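S.K.: Sequence first, then the predicted structure:
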Amino acid sequence: MSRVMSLGRRTFSALSVHNYRRYFVGQATSLVGTWMQSVAQSWLVYTLTRSSTDLGFVVALQALPVLVLGPYAGVVADRVDKRRLMVVLQALMGVQALVLGLLSVTHAVRFWQVCLLAVVLGFNNAFENPARQAFVLEMVGPDQLRNAVSLNSTMVNAARAVGPAVAGLLIATAGVGVCFLINAASFVAVVASLVTMDLSRLEPSPPAGRSKGQLREGLRYVGREPRLLFPLVMMGIVGTLAYEFQVVLPVVARQTFHNGAEAYGFMNAAMGSGAVLGGLVTAARGRTGMRPLVLAATGFGVAILLAAAAPVLGLEFAALAVVGWASVSFLATGNSTLQLEAEPSMRGRVMSLWAVAFLGSTPVGGPLMGWVVAEAGGRVGLLVGGLSCLAAAAIGAGAALRQRRRRALGTELGEPGASDTGLVAEGLTRAS
């Protein structure tokens, strides 16, 4: 019993922090609505156009501002009060969901309107994402960061287990518009959690101040730090080709398995369920650094390949649960590695590049995967995603091997600092 209790304390240790606990509850409520909107928007576009290419186009439009503005948004996050910025942007995202919901329930929605509102949401995401990522450290401190990041991933995917399943049922019974309206209401919870925090318990990073060249400074900083650069490169590859489930899964549900919105919703729910378990394991036992990240990318790739090969819908659900587990392991490992290795004054800019690699890659990956599944089907789309993860793992492994050799050579020559240059090769493994 004592072992179980000890494991439970390690798994949920970040929730002992008052502000983070408040934030966690607010975010969990809002994220259920966010996943409902994600599923509903994809289904709405596919219903309006019957085109996987158009579906990829909308996903790309939503992510385009992250790609274009993401690096600058990181500069803004390093300059301003992150909590206040999040309050404003979360409120605006609620307004966007409300407008889309009203257009849908009144049957006035058109494809161009969905496109425009997707761009509006993308602008909000571009600036909110790096602020939110960096704000976690201000709430919990460095000792609890990895646990908090893992719990965040668990929370996102727990919502993914609930939101899409509910959305699928609501789409089939009440229509897509209700999903958007519920999401609009859910933003009240996260805004309230941010407004009512105990500010005396926060540990804000020193503001970077305003000066010329801060964006270039952040890019140069990442470029000369392999322990930051290669996780970002891996995320860019995986984000472009593997994380386009919004584009691939509607086609898999309708064309591959000849089902409707319910099946699509439960596919997302299966991924979310697996990710919850994976997130809890990562929170309790996860490590950070290149070596764990390479292993996570490999597992993610193998899991997606299993989903591509599943012959029946039941096995597809099971495979997607494994995909969810591997996905959250990869995300949490990469996110924690970057936050722990980045200098505090650079953290917003580093995490903005993580957002660009994860979300900003969609303007390329979304249309590309839309074209792939239109030409070759959903299974091939999953196949491409799985292979991209394995390619990213190979790149990370090669980078780690090169660093290990440099470290060994530096040690033999007695060069000062040789042991530091090999940190990335040793995986920067930081146990909980």
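M.R.: Looks like it came in fine. Numbering: from 1, shown residues only.
S.K.: tell me how far the ends of stretch 237-253 are from each other?
M.R.: One end of stretch 237-253 to the other measures 25 Å (CA to CA, to the nearest Å).
S.K.: Check the secondary structure at residue 258 for me.
M.R.: coil (DSSP: H, G, I helix; E, B strand; the rest coil).
S.K.: That one and residue 171: what is the separation?
M.R.: 17 Å (CB to CB, to the nearest Å). (Glycine included, C-beta is placed from N, CA and C.)
S.K.: Which one of the two is surrounded by more residues?
M.R.: Neighbour tally, residue 258 and residue 171, criterion other CB atoms under 10 Å: the higher count belongs to residue 171, 24 against 9.
S.K.: Secondary structure element for the more buried one, which one?
M.R.: helix 145-173 (DSSP states H and E).
S.K.: Summarise which helices and strands that helix is packed against.
M.R.: Packed against helix 145-173 by the contact rule (3 or more CB pairs under 8 Å, 6 or more residues apart in numbering; DSSP states H and E) you find helix 18-49, helix 111-140, helix 176-195, helix 261-285, helix 313-341.
S.K.: Can you pull out the low-pLDDT segments for the stretch 301-432 of the chain?
M.R.: Within the stretch 301-432 of the chain, the stretches with pLDDT under 70 are 360, 410-432.
S.K.: residue ranges for the helices of it, please.
M.R.: 313-341, 347-355, 362-376, 378-413, 418-421 (DSSP state H, counting those that start in this stretch).
S.K.: Does residue 104 touch residue 176 like I think?
M.R.: Yes - Residue 104 is within contact range of residue 176, at 5.3 Å (criterion: CB atoms under 8 Å).
S.K.: anything in contact with each of the two?
M.R.: residue 44 (CB atoms under 8 Å, 6 or more residues apart in numbering).
S.K.: Neighbour count for these two, which is higher?
M.R.: Neighbours were tallied for residue 104 and for residue 176 using other CB under 10 Å; the higher tally belongs to residue 176 (25 against 22).
S.K.: contacting residues for the nearest residue to the more buried one once chain neighbours are set aside?
M.R.: Leaving aside its sequence neighbours, residue 176 sits nearest to residue 40 (CB to CB, 6 or more residues apart in numbering; 4.3 Å). Shown in contact with residue 40 (CB under 8 Å, 6+ apart): 167, 170-171, 176, 179-180.
S.K.: try it again with 10 Å
M.R.: Shown in contact with residue 40 (CB atoms under 10 Å, 6 or more residues apart in numbering): 97, 100-101, 104, 163-164, 167-168, 170-171, 175-180, 182-183, 261, 265.
S.K.: Repeat that for residue 173.
M.R.: Taking CB under 10 Å, 6+ apart, one finds nothing in contact with residue 173.
S.K.: And the one 5 residues further on, by the same measure?
M.R.: When contacts are counted by CB under 10 Å, 6+ apart, residue 178 touches 36, 40, 101, 104-105, 166-167, 170-171.
S.K.: just curious, which of these is nearest to residue 229?
M.R.: Proximity of the contacts of residue 178 to residue 229 (CB to CB) peaks at residue 36, which lies at 36.3 Å.
S.K.: I'd like to know how many residues surround the closest one.
M.R.: With other CB under 10 Å as criterion, residue 36 counts 30.
S.K.: can you check residue 246 too?
M.R.: 22.
S.K.: So it sits against residue 366, correct?
M.R.: Yes - counting by CB atoms under 10 Å, residue 246 touches residue 366, with 7.8 Å between them.
S.K.: Quick check: neighbours shared by those two?
M.R.: 55-56, 58-59, 62.
S.K.: Most neighbours among the residues you listed, which one is it?
M.R.: residue 55 (30 neighbours).
S.K.: In three-state terms, label that residue for me.
M.R.: Per three-state DSSP, residue 55 ends up helix.
S.K.: so what's it scoring on pLDDT?
M.R.: pLDDT, residue 55: 79.
S.K.: now residue 2
M.R.: 60.
S.K.: likewise the one 5 residues further on?
M.R.: Turning to residue 7, the model gives it a pLDDT of 57.
S.K.: coming back round to it: closest to residue 238 out of the helices and strands packed on helix 145-173?
M.R.: Per CB to CB, nearest to residue 238 of the helices and strands packed on helix 145-173: helix 313-341, 7.0 Å.
S.K.: Could I get the buried residue list for that closest one?
M.R.: In terms of neighbour count (16 or more other CB atoms under 10 Å), helix 313-341 has its buried residues at 313, 316-341.
S.K.: same deal with stretch 224-243?
M.R.: Going by 16+ other CB under 10 Å, stretch 224-243 has these buried residues: 225-243.
S.K.: Then stretch 140-150?
M.R.: Result for stretch 140-150 [16+ other CB under 10 Å]: buried residues 140, 144-150.
S.K.: okay, and for the stretch 101-250 of the chain, where does confidence drop off?
M.R.: 157, 160-161, 206-213.
S.K.: switch to 80 and redo it
M.R.: Flagging of the stretch 101-250 of the chain using pLDDT under 80 yields the residue ranges 142-143, 145-146, 149-150, 153-154, 156-162, 164-165, 204-218, 246.
S.K.: how far is the helix or strand harbouring residue 61 from where the chain is centred?
M.R.: Using DSSP H and E, residue 61 sits in helix 52-79. In terms of CA atoms, centre = their mean, to the nearest Å, the centre of helix 52-79 is set 13 Å apart from its chain centre.
S.K.: Also stretch 336-343?
M.R.: Distance, centroid of stretch 336-343 to centroid of chain: 16 Å (CA atoms, centre = their mean).
S.K.: cool, and stretch 367-378?
M.R.: On CA atoms, centre = their mean, the centre of stretch 367-378 falls 22 Å from the chain's centre.
S.K.: do stretch 293-308 as well
M.R.: 16 Å.
S.K.: Could you do stretch 395-415 as well?
M.R.: 31 Å.
S.K.: Fine, thanks again, bye for now.
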